[in-house]
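> heads up, no residue letters with this:
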């Protein structure tokens, strides 16, 4: 693995952000950018320097120098002139050089002397001598003009470097003068901000500091940086045609203060050149941009044509990255050093790994038959359906789910059609904690970051990570015990029965898992008969024991809280199921294919209308649905994941606004959503559809017009997602007086705190009316669509 990726090790930082490192990375990136501008200025005619200083950005889908030249020429073309007129003016740039060449052909003095010897008349001789004097004057003028060109280039690069030294705010914000400062800064500084904005707009969970870290490693080359980040994250989904890439490029141009209204032009021409990368690269790599190159480039930029790719900018970037890595490896080997880690990389990597784990859970949920999932195993999934164990992750989830419901059955079963969103996010995060704990116990030399990197590469499979580590000759703990490792992993994951899980994982689970794995190889899902067979096997050989800890008796107030939360969940579920069924009916009318609900597996009911943040009229959902007509027990026909955007209003279902679309390939990078990321909710969004939170909110952040910047977006989402505590509302739904010792203590404590606050309020305001009914009504309305 180390030969295929730049391995980045963890560095201890104070306060969570290594600001000195961030400033150093910014300085390194700017040095590379300055070098690109020197090269571009050497190739470009001086007459285009003003356009370069205005809009010759180094970001785009070619190499940085080619981007500068292409963006400069594009901006020159967009100054309100006709294309052919601009082409003529660009051609005139070369006139001085042509004249200088012609001056070199004037007769030398000995030629004049030879003509004098032929007996020409005196006035003819005088005329020839005059031409010679004129030639010398014109030659001196040509040299002076050439000196002026060199001076123009030196002045331009000096201006770029000097203005880049000013303080740069890389995170746009309107509450200060950052845009004014940036507007007075150099094109290099604005390019750096554009590069950072592209990366943070394209990649989830990437902060400004992390973007600077990757830019410093990749010589501030945009596509090389993109590929490097994908390599570290274990994904390879970026394409020039990706709609998210288009949004990110637009955000980059906005944040870099591209002269309005030419942002759309920059975007369209960048994609146009990317589709013609081979020809464009050959033109732009010339040592001097000649008149003919100018004409051809202007034709490429302005002539409509087929956008079919002819060459691959991404492949060229991969080649540049390989060259950089070879130089970096040599340099680090000479210094006996390892590449440093930027601030927050461990947390962002954890969030990326959680996205991958979420996909594994969706696959596992789709494998469990609808009736079994609705009536029973939804509980085991959310309480103990961890993805770690001796089998592949999906098999582990299924077996851990069925095992817990079988060995620790609830006092009373109840049916659901909706998996609690926050509970699912929590079990996924706790699974990650268990995976990392197991790896670090087995291989003590691994840091948390290294463990997560390998989990990303191995798709969260412990068995694959172990094989990789042994192949790389990493040392195992000499006192390693499988049972102890699973016990430690289970405690790190807050498993409700860690000792029982450790025993199950080291005894029955491998054998039952092999059988289940073979079944899943033959058919894509499980049948109810398969699930019943597993349940019987587990119930014969594993007997549950009552917990040694006693479940507290609930107070009357605690009982009322649990009952009210359960009633609210049922009412909310009924509303959402009706919305989902209406959305599927609308889809059937439009597409001619009927689907029926398998389960609702993610809801965010707090989606505001664009520009209005005091109400939440929309919801985003993920559901699994099966084609109508297929048998519920048909294990070969697994459900399809759908994304739904719908109105939360009171209008009749047939009048609601719906966006309902299937997502067939979960391996491809999905679209981003500002609101779902801010709320820390795992909703898979389509990559090719338009929805609320897809574009405008990211553009507002790029302008500095959003109340939340990229740091706030990433940080708030992390706090919501990386949560392992008790969820009063969600855990009330699954409270079982037979087993849930910790929650009984929590809910009694919560009830006592509520009673104390109520008593204090009455003492401070004696005789005041009790408005608790009104508060409860408002609370219920806010939860009308809560998952």
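Noted; the coordinates are in hand. If you're wondering where the values come from, they're calculated on a predicted model, not measured in any experiment.
> by contact count, what packs against the strand or helix carrying residue 502?
If you go by DSSP states H and E, residue 502 is part of helix 498-506. For helix 498-506, the helices and strands in contact under the criterion 3 or more Cβ pairs under 8 Å, 6 or more residues apart in numbering; DSSP states H and E are helix 393-407, helix 482-492. Quick note: C-beta positions are derived from backbone N, CA and C, even for glycine.
> What residues sit buried inside the next helix or strand after it?
From helix 498-506 onward toward the C-terminus, using DSSP H and E, the following helix or strand is helix 508-522. Buried residues in helix 508-522, counting neighbours by 16 or more other Cβ atoms under 10 Å, are found at 508, 509, 512, 513, 516, 519, 520.
> Tell me which two in those residues are the farthest apart.
The distance between the two most remote of the buried residues of helix 508-522 (Cβ to Cβ) is 17.9 Å, for 508 and 520.
> still on that earlier bit, and the helices and strands packed on helix 498-506, which is most packed in?
helix 393-407 (a mean of 26; mean count of other Cβ atoms under 10 Å).
> Does anything pack onto it? Which helices or strands?
Taking 3+ Cβ pairs under 8 Å, 6+ apart as contact, the helices and strands that helix 393-407 lies on are helix 345-367, helix 378-384, helix 498-506, helix 508-522, helix 528-541.
> rerun that using 10 Å as the cut-off
Using 3 or more Cβ pairs under 10 Å, 6 or more residues apart in numbering; DSSP states H and E as the contact definition, the elements that helix 393-407 packs against are helix 345-367, helix 370-372, helix 378-384, helix 421-442, helix 462-471, helix 498-506, helix 508-522, helix 528-541.
> quick one on the thing from earlier: please name whichever of the helices and strands packed on helix 498-506 is nearest to residue 569.
Go through the helices and strands packed on helix 498-506 one by one with Cβ to Cβ and the one that ends up closest to residue 569 is helix 393-407, at 19.2 Å.
> Let me know the angle separating that closest one from helix 421-442.
An angle of 110 degrees separates the directions of helix 393-407 and helix 421-442 when computed by axes from the mean of the first three to the mean of the last three Cα atoms, to 10 degrees.
> begin at 56 from here
All set: I'll call the first residue 56, so the last point we hit is now helix 448-462.
> Tell me which stretches of the stretch 156-305 of the chain form helices.
Counting by DSSP state H, counting those that start in this stretch, the stretch 156-305 of the chain has these helices, from start to end: 164-171, 177-219, 233-238, 242-257, 263-272, 277-288, 298-310.
> Likewise for the stretch 656-805 of the chain?
Residue ranges of the helices in the stretch 656-805 of the chain, as given by DSSP H, counting those that start in this stretch, are 729-734, 751-758, 765-776, 783-788, 796-819.
> what about the last one, distance to the chain center?
Right, helix 796-819. Put simply, helix 796-819 sits 41 Å off its chain's centre (Cα atoms, centre = their mean, to the nearest Å).
> ditto for the third one
Distance of helix 765-776 from its chain centroid, counting by Cα atoms, centre = their mean, is 13 Å.
> Quick one: list the elements packing against that helix.
Contact partners of helix 765-776 among helices and strands, from 3+ Cβ pairs under 10 Å, 6+ apart: helix 242-257, helix 263-272, helix 400-422, helix 476-497, helix 729-734, helix 751-758.
> would you list the helices and strands packed on helix 448-462 in CSV and tack on mean pLDDT and distance to residue 707?
Supplementary listing: these in CSV, determined by pLDDT from 0 to 100; distance: least, Cβ to Cβ, whole Å:
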stretch, mean pLDDT, distance to residue 707
helix 400-422, 95, 31
helix 425-427, 95, 28
helix 433-439, 96, 30
helix 476-497, 96, 26
helix 517-526, 94, 50
helix 553-561, 94, 48
helix 563-577, 90, 43
helix 583-596, 89, 36
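> Of all those, which one comes closest to residue 767?
Distances from residue 767 to each of the helices and strands packed on helix 448-462 were compared using Cβ to Cβ; the minimum, 14.6 Å, belongs to helix 400-422.
> Quick one: residues contacting residue 516.
415, 442-443, 446-449, 451, 490, 509-510, 522-523 (Cβ atoms under 10 Å, 6 or more residues apart in numbering).
> Which pLDDT does the model give it?
The confidence metric pLDDT takes the value 96 at residue 516.
> do the same with residue 226
At residue 226 the predicted local confidence, pLDDT, stands at 69.
> go on, residue 396?
For residue 396, the pLDDT comes out at 50.
> Please apply the same query to residue 351.
Listed pLDDT for residue 351 reads 86.
> Same question for residue 335.
Taken from the predicted model, the pLDDT recorded for residue 335 is 82.
> Now it: closest residue in space that isn't a chain neighbour?
Distance criterion Cβ to Cβ, 6 or more residues apart in numbering; nearest residue to residue 335, sequence neighbours excluded, is residue 328 at 4.5 Å.
> how far does the helix or strand where that neighbour lies sit from the chain's center?
Take DSSP H and E as the rule and residue 328 turns out to sit in helix 318-330. Computed by Cα atoms, centre = their mean, the separation of helix 318-330 from the middle of its chain amounts to 22 Å.
> Okay, buried residues for it please.
Neighbour-count burial for helix 318-330 flags 318, 320, 321, 322, 324, 325, 326, 327, 328, 329, 330 (criterion: 16+ other Cβ under 10 Å).
> Do me a favour and get the backbone dihedrals for residue 446.
Here is the backbone geometry of residue 446 (degrees, to the nearest 10): phi -110, psi -170.
> Kindly report the same for residue 514.
The main-chain torsion angles of residue 514 are listed as degrees, to the nearest 10 and equal phi 60, psi 40.
> for residue 672, same thing?
Taking degrees, to the nearest 10, you get phi -80, psi 0 for the backbone angles of residue 672.
> gap between it and residue 747?
Noted for residue 672: a distance of 9 Å to residue 747, by Cβ to Cβ, to the nearest Å.
> joint contacts of the two?
Common neighbours of residue 672 and residue 747 (criterion: Cβ under 10 Å, 6+ apart): 662, 663, 664.
> Mind checking which of these land in strands?
Assignment to strands by DSSP state E places the following of those there: residue 662.
> Residue 789: which of the shared contacts of residue 672 and residue 747 is nearest?
Nearest to residue 789 among the shared contacts of residue 672 and residue 747, with distances taken as Cβ to Cβ, is residue 662, at 26.4 Å.
> how near is that closest one to residue 766?
Applying Cβ to Cβ to residue 662 and residue 766 gives a distance of 22 Å.
> tally of neighbours for residue 702?
One way to gauge burial is a neighbour count; for residue 702, by other Cβ atoms under 10 Å, it gives 17.
> Which residues does it form beta bridges with?
On DSSP bridges, the residues paired with residue 702 through beta bridges are residue 673.
> on that earlier part again, nearest to residue 635, of the helices and strands packed on helix 553-561?
Judged by Cβ to Cβ, the one of the helices and strands packed on helix 553-561 that comes nearest to residue 635 is helix 448-462, at 23.0 Å.
> Quick one: work out the angle between the closest one and helix 563-577.
Here helix 448-462 points in a direction 120 degrees away from that of helix 563-577 (the same axes, to 10 degrees).
> Find the nearest non-adjacent residue to residue 329, please.
Setting aside the residues directly before and after it, residue 329 is nearest to residue 116 in space (Cβ to Cβ, 6+ apart), at 3.8 Å.
> Helix or strand: which one has that neighbour?
Under the criterion of DSSP H and E, residue 116 resides outside all helices and strands.
> Tell me who's in contact with it.
Taking Cβ under 10 Å, 6+ apart as the contact definition, residue 116 lies against 122, 125, 277-278, 281, 295, 300, 304, 325-330, 332, 335, 368-369, 371-372.
> Apply 6 Å and report the result again.
Contact partners of residue 116, counting by Cβ atoms under 6 Å, 6 or more residues apart in numbering, are 295, 325, 329, 368.
> how near is residue 515 to residue 451?
9 Å.
> Also residue 283?
Summarising the geometry, the distance separating residue 283 from residue 451, computed by Cβ to Cβ, is 32 Å.
> Quick check: closest non-adjacent residue to residue 639.
With sequence-adjacent residues excluded and distances taken as Cβ to Cβ, 6+ apart, residue 639 is closest to residue 650, at 5.1 Å.
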